[in-house]
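Asker: Here is a sequence with its predicted model. Questions after.
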Protein chains: 2
Amino acid sequence: MHIELINTGSELLLGRVLNTHQQWICRQLADLGYEVTRNVCVADDGPSIQSAVRESLGRSDIVLTTGGLGPTSDDITRELIAQLLGRKLSQDAGALAGIERYFAQRHRPMPPGTEVQALVPEGALVLPNLNGTAPGLAMEVSPNPFRPDKCRSWLVLLPGPPRELRPMFTEFVRPLLLKEFPPPVFSCRTLHTTGMGESTVEEKIAGPLHALVGRGLEIGYCARIGEVDVRLIGRGDKGAEIVKQSETIVRDLLGPLIFGVDDTSLEATVVAMLAERKQIITLAESCTGGLIAHRLTNVPGASVVLDSDMVTYSNAAKKFLLGVREETLVMHGAVSSAVARQMAEGARARRGADYALAVTGIAGPDGGTPQKPVGTVFIALAGNSGTIVEERHNPFDRETFKFVTSQQALDLLRRTLAG
Amino acid sequence: MHIELINTGSELLLGRVLNTHQQWICRQLADLGYEVTRNVCVADDGPSIQSAVRESLGRSDIVLTTGGLGPTSDDITRELIAQLLGRKLSQDAGALAGIERYFAQRHRPMPPGTEVQALVPEGALVLPNLNGTAPGLAMEVSPNPFRPDKCRSWLVLLPGPPRELRPMFTEFVRPLLLKEFPPPVFSCRTLHTTGMGESTVEEKIAGPLHALVGRGLEIGYCARIGEVDVRLIGRGDKGAEIVKQSETIVRDLLGPLIFGVDDTSLEATVVAMLAERKQIITLAESCTGGLIAHRLTNVPGASVVLDSDMVTYSNAAKKFLLGVREETLVMHGAVSSAVARQMAEGARARRGADYALAVTGIAGPDGGTPQKPVGTVFIALAGNSGTIVEERHNPFDRETFKFVTSQQALDLLRRTLAG
């Protein structure tokens, strides 16, 4: 089965906005067992949109488009598609009533020009918009004149704003696709690892998984900053069993490097582990500048486990807020194992937390020395059985340095909690 | 001129990762005066990649691909392209030396299989990778057998990881494109505003700019989270003058809403303003959980102006670290104007800073009440002429809430500094 997604919008090709539709829609379809075979982004102009839709229809069973259904002059998708398919556009009473209701409920007059959104190509289904005025449209193209075999395809037009598109997809597009194109049986599992590079991960697992690959297992590797994901896919009746067997093998080989599966982030893993143990953490960040706390507080419910973070960027703040000693700063420097230890132990004692995680390092671009080059970092974790200090070297640009260091710090905590 | 961008990676079409390359590369090209006409994403399989590249080459002067140059078995772009173009792959001594140097500098052995990345198609330029092992490749396809007119095209292959791709683009691809395809004369200025919605910004400036639009000015609006950018573009000989005139008009109309131009971020603006005044700031964050400090510390040189941040997620931490009074917490609640004020004034007094910026609010999804729904936030700024407290309502998802709130807090500081 071939599925293509077309995103329209000049702002995408000018690089002004991030294309979040692609990830969201592809993810929804993948979770249902469908696979998007191609994604295309084109500008808001007639020839670009028509040629993209024509080409995609020529290759696909399902084509989804986003954008261009609104009321303004650059919203031209509806008309272009009707023209391409040779279908008459006419006003749909139900669609018009939906738009009128939208404004009535908000006690706002309906602006002139809005009723263009109630125009519907002959034979199309109207997909109600629960959060906006532009309805979506779905139409069977049968026979499909653009396919060499003339087989039928479905074309689904969705509005651009995410808060309109997402509920429309979930409520109306999903059931339509499941009915028209029952998905193939499909099993997918993503294991998130940290602490090892992409090629080392592959070196460890590729050989032992070889036999399962022969039986249909598909393996994918995705290297992110401070993280490598291993994706295991199986298709057909035996897919789930093959994925299960391969996961067992990968877990045996990578064990503690794996911090989560599927949608779990490292920060969510750590928050859940602390919450389960009813333990409290405090942080003392220098070079990461608040990023560890930012990541932890992105997790709903973080307030149950996070007491505080003392971001001590100056030496004076390290002394005042954490009790780091002047003579230690003078003798070892702010970026040292001794200072990292005092930061963690000082934070833990002052806040009476179960754990305190501290980092001090040189983010760059300036501040490096031959002995301590840019990228040098010390990570300390103080707990009730003592303090661990690790030295790392992350010679990256400033933002990457901060992220990798936060990843290493959170992973030190995770490994310690996992015990 | 036609430019197409092809992103390869099954993880994109499975919706596992967000396609940040599209925005970044399109943005870089747009700023140089180029326009990307189409973006295509395909999975990591031979037929998909080859047909996408063949089709794009058939339409374009420049084709850029991302991904598939690494050392693992799903990294197949290099081989597929050599095959498609009928070029022999052979090991490049310089590329191999670069890879060996990468591992030597990190005191790590070179994993077997890594040397595949030194394979280079006949006639291709090697683009050094300053942050990884896979070099990029650039090749002139002349004559281009896939174009109806057989005109030459350039094909540029870039690695997938952003921290490898970005410096490679800036250092090597950019000068290559400027030399091979001098862009049309083009002038672009982006004004960043905060504090007003997109349609209000448009309503204020569109009329007064009308005459300049008649003379060729292009205006673009881009609404981001907590920010609206106004893009002014002029083409040809008179472009620069038209952009300059339009900027004067926009500045007259929007004045203090504009916080920066082109690549300036709000955090960089604030750091520069404080540094110029030789003033020090401390922070006291609750609901933003370290994000304000994270944003400020992304700016190189932030250590000159940022003393510390006390992220006080618990009430106990607010009392201990900031001196917030128990009775104030009981009487007004942690999310209140009174507590925001005490946080800011407590932080400023304890750290002896020129300014202290404090936020307390309800990020959600839980914790709201009818009186103080999710999204309620109080922002306080204490300085030597007193304390300002602002109440805001940001009823968004958790991460958007944090970002919008951090934007409002930094903007309160900016407006106060601008005085």
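Answerer: Arrived safely, thanks for sending.
Asker: ok, for residue A:203, nearest residue in space, not its chain neighbours?
Answerer: residue B:111 (6.1 Å; C-beta to C-beta, 6 or more residues apart in numbering or on different chains). Every residue, glycine included, has its C-beta placed from N, CA and C.
Asker: How about residue A:180?
Answerer: Nearest-residue entry for residue A:180: residue A:154, 6.0 Å, with adjacent residues in sequence omitted and distances by C-beta to C-beta, 6+ apart.
Asker: The one you found belongs to a strand, doesn't it?
Answerer: Yes - according to DSSP: H, G, I helix; E, B strand; the rest coil, the state of residue A:154 is that of a strand.
Asker: what residues are up against it?
Answerer: A:61-63, A:138-141, A:176-177, A:180-181 (C-beta atoms under 8 Å, 6 or more residues apart in numbering or on different chains).
Asker: Filter those residues down to the buried ones.
Answerer: A:61-63, A:138-139, A:141, A:176-177 (16 or more other C-beta atoms under 10 Å in any protein chain shown).
Asker: now the strands: where do they sit in the stretch 51-200 of chain A?
Answerer: A:62-66, A:89-91, A:119-121, A:125-127, A:136-141, A:153-158, A:186-193 (DSSP state E, counting those that start in this stretch).
Asker: what packs against the longest helix along chain A?
Answerer: For chain A, the helix that runs over the most residues, judged by DSSP state H, is helix A:398-418. The helices and strands touching helix A:398-418, judged by 3 or more C-beta pairs under 8 Å, 6 or more residues apart in numbering or on different chains; DSSP states H and E, are helix A:266-276, helix A:291-297, strand A:355-361, strand A:376-383, strand A:386-393.
Asker: ok, and for it, which residues are buried?
Answerer: Counting neighbours by 16+ other C-beta under 10 Å, the buried set in helix A:398-418 is A:398, A:400-415, A:417.
Asker: on that earlier part again, of all the helices and strands packed on helix A:398-418, which one is nearest chain B?
Answerer: Chain B sits nearest to helix A:291-297 of all these, at 2.7 Å, using C-beta to the nearest C-beta.
Asker: and the spatially closest residue to residue A:79 that is not a sequence neighbour, what are its bridge partners?
Answerer: Taking C-beta to C-beta, 6+ apart, and ignoring the residues beside it in sequence, residue A:79 has residue A:89 as its nearest neighbour in space, at 6.8 Å. Judged by DSSP bridges, the bridge partners of residue A:89 are residue A:121.
Asker: my read: residue A:89 touches residue A:123, true?
Answerer: No - with the criterion set as C-beta atoms under 8 Å, residue A:89 and residue A:123 do not qualify as a contacting pair; they are 11.4 Å apart.
Asker: For residue A:62, which non-adjacent residue is spatially closest?
Answerer: residue A:3 (4.5 Å).
Asker: what residues are up against that neighbour?
Answerer: Residue A:3 is in contact with A:29, A:34-37, A:60-64, counting by C-beta under 8 Å, 6+ apart.
Asker: Turn those residues into JSON lines, columns for distance to residue B:309 and pLDDT.
Answerer: Converted to JSON lines, the contacts of residue A:3 look like this (distance: C-beta to C-beta, whole Å; pLDDT from 0 to 100):
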{"residue": "A:29", "distance to residue B:309": "42", "pLDDT": "94"}
{"residue": "A:34", "distance to residue B:309": "45", "pLDDT": "91"}
{"residue": "A:35", "distance to residue B:309": "45", "pLDDT": "88"}
{"residue": "A:36", "distance to residue B:309": "42", "pLDDT": "95"}
{"residue": "A:37", "distance to residue B:309": "47", "pLDDT": "95"}
{"residue": "A:60", "distance to residue B:309": "51", "pLDDT": "96"}
{"residue": "A:61", "distance to residue B:309": "53", "pLDDT": "96"}
{"residue": "A:62", "distance to residue B:309": "49", "pLDDT": "97"}
{"residue": "A:63", "distance to residue B:309": "49", "pLDDT": "98"}
{"residue": "A:64", "distance to residue B:309": "44", "pLDDT": "98"}
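Asker: In helices only, show me those.
Answerer: Applying DSSP H to the contacts of residue A:3, the entries found in helices are residue A:29.
Asker: Pick out the most distant pair among the contacts of residue A:3.
Answerer: Comparing every pair within the contacts of residue A:3 by C-beta to C-beta identifies A:35 and A:63 as the most remote, at 14.2 Å.
Asker: give me the residue from the stretch 51-200 of chain A nearest chain B.
Answerer: Taking C-beta to the nearest C-beta as the measure, the stretch 51-200 of chain A has residue A:199 as its residue closest to chain B, at 4.7 Å.
Asker: Before we move on, what's the pLDDT of that residue?
Answerer: For residue A:199, the pLDDT comes out at 84.
Asker: ok, now how distant is it from residue A:396?
Answerer: Distance, residue A:199 to residue A:396, using C-beta to C-beta, to the nearest Å: 18 Å.
Asker: Give me the more crowded residue out of the two.
Answerer: Taking neighbours as other C-beta atoms under 10 Å in any protein chain shown, residue A:199 and residue A:396 compare with residue A:199 leading, 23 against 20.
Asker: Verify the contact between residue A:176 and residue A:138 for me.
Answerer: Yes - applying C-beta under 8 Å, one finds residue A:176 in contact with residue A:138, separated by 6.0 Å.
Asker: quick one: contacts for residue A:399?
Answerer: When the contact criterion is C-beta under 8 Å, 6+ apart, the partners of residue A:399 are residue B:298.
Asker: Also residue A:348?
Answerer: The neighbourhood of residue A:348, defined by C-beta under 8 Å, 6+ apart, consists of A:282, A:355-356, A:382-383.
Asker: Which strand or helix spans it?
Answerer: In this structure, residue A:348 is located in helix A:337-351 according to DSSP states H and E.
Asker: now that helix against strand A:355-361, angle please.
Answerer: Between the axes of helix A:337-351 and strand A:355-361, defined by axes from the mean of the first three to the mean of the last three C-alpha atoms, to 10 degrees, the angle is 140 degrees.
Asker: quick check: mean pLDDT across helix A:337-351?
Answerer: When pLDDT is averaged over helix A:337-351, the result is 98.
Asker: Any buried residues in it, and which?
Answerer: Buried residues in helix A:337-351, counted by 16+ other C-beta under 10 Å: A:338-348, A:350-351.
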